[in-house]
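S.K.: quick one, what's the 3D model for this:
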Amino acid sequence: MPESSPETHVIDFRAAEQLLAARDPRGAVKLLDTVIAAHPENTAARLLRARAFFAAAQLRAAELEFSIVLEREPDNAFAHFALARTYERATKPEQARRHFRLAAALDPQPEYLAAARFDGADGQGQGQGRDPGAAG
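M.R.: The predicted structure is shown next:
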């Protein structure tokens, strides 16, 4: 087995991005596990792994990873939005609403504002099952 190096971790990270884009989230997680084992502080790798867990419907693992990212970057609007989508899929509407609103407050882009539903609507059924990292 080849020895790990910073270069192989970059290659694994980029390959994991490609696997996730190709709808192979489990393959992406496998590659990212080695990157994160070597670099547990790497927030980008954790965010990508969280997205892969979400895409693989491993909601508890996705929730944990998104939460770790938010501990390190509490102003990361995308991480709040993605965690909210995770809670939405896990039928935890109150937690979802809180993070949708935080995302919208941090970055008032239309998708975040629509999901935040400041009008009081509960947001059930909107966007469920969507990869929070997928392009619009």
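
S.K.: so where do the helices sit in the protein?
M.R.: Along the chain, counting by DSSP state H, helices occupy 6-21, 25-38, 43-55, 59-72, 77-89, 93-106, 110-116.

S.K.: need those helices in JSON lines with mean pLDDT, can you?
M.R.: Shown next, in JSON lines, are these (pLDDT from 0 to 100):
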{"stretch": "helix 6-21", "mean pLDDT": "95"}
{"stretch": "helix 25-38", "mean pLDDT": "97"}
{"stretch": "helix 43-55", "mean pLDDT": "98"}
{"stretch": "helix 59-72", "mean pLDDT": "98"}
{"stretch": "helix 77-89", "mean pLDDT": "98"}
{"stretch": "helix 93-106", "mean pLDDT": "98"}
{"stretch": "helix 110-116", "mean pLDDT": "95"}
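
S.K.: just send those back as CSV, with mean neighbour count too.
M.R.: Yep, even glycine has a C-beta here, placed from its N, CA and C like the rest. Putting these into CSV (neighbours: other Cβ atoms under 10 Å) gives the following:
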stretch, mean neighbour count
helix 6-21, 16
helix 25-38, 19
helix 43-55, 24
helix 59-72, 19
helix 77-89, 25
helix 93-106, 19
helix 110-116, 17
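
S.K.: for L47, give me its contacts.
M.R.: With contact set as Cβ atoms under 8 Å, 6 or more residues apart in numbering, L47 has these partners: 65-66, 69, 76, 78-79, 82.

S.K.: from K92, how far out is it?
M.R.: Look at L47 and K92: by Cβ to Cβ, to the nearest Å, they are 20 Å apart.

S.K.: okay, the nearest residue to I36 once chain neighbours are set aside and K92: tell me how far apart.
M.R.: Leaving aside its sequence neighbours, I36 sits nearest to A45 (Cβ to Cβ, 6 or more residues apart in numbering; 5.2 Å). Distance, A45 to K92, using Cβ to Cβ: 25 Å.
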